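**Student:** prediction below, plus the sequence it came from.
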Amino acid sequence: MTPLKTLRQLLALHQQLDAAVDACYGVRKEFESEASRVGWLFGKWGEVTCQEFYKQNKHG
């Protein structure tokens, strides 16, 4: 296997993983950059984890 072929395969797998993560978080838009996509995903992750933490630690 050549390094170039390996890089193409790695890129294809990365794109498949991105699509799966986007589907899990309900992404329905195009982003201007990879950085804006990752920022949006971290924001969503924060919302989900904070809500779950609040539910598990609710007093009363």
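**Tutor:** Yep, it's here.
**Student:** use CA for all of it now, contacts and neighbours both
**Tutor:** Fine.
**Student:** what is the burial count for Glu34?
**Tutor:** Glu34 has 10 neighbours, counted by other C-alpha atoms under 10 Å.
**Student:** I misspoke; the intended subject was Ala20.
**Tutor:** Residues lying near Ala20 (other C-alpha under 10 Å) number 13.
**Student:** name the SS class of it, please.
**Tutor:** Assigned with DSSP: H, G, I helix; E, B strand; the rest coil, Ala20 falls in the helix class.
**Student:** what about the strands in the protein?
**Tutor:** Under the criterion DSSP state E, the chain carries no strands.
**Student:** how close does the residue at minimal distance from the centre of it get to Gln15?
**Tutor:** Among the residues of the chain, the one closest to the centroid is Val21, at 4.4 Å (C-alpha atoms, centre = their mean). Val21 sits 10 Å away from Gln15, going by C-alpha to C-alpha, to the nearest Å.
**Student:** intersection of neighbour lists for the two?
**Tutor:** When C-alpha atoms under 8 Å, 6 or more residues apart in numbering defines a contact, no residue borders Val21 and Gln15 alike.
**Student:** neighbours of Gln9, how many?
**Tutor:** A count of nearby residues for Gln9, using other C-alpha under 10 Å, gives 12.
**Student:** so how far is Glu32 from it?
**Tutor:** Gln9 is 24 Å from Glu32, by C-alpha to C-alpha.
**Student:** next: Trp40.
**Tutor:** Distance of Trp40 to Glu32, computed by C-alpha to C-alpha: 11 Å.
**Student:** tell me which of the two has more neighbours.
**Tutor:** Trp40 (15 against 8).
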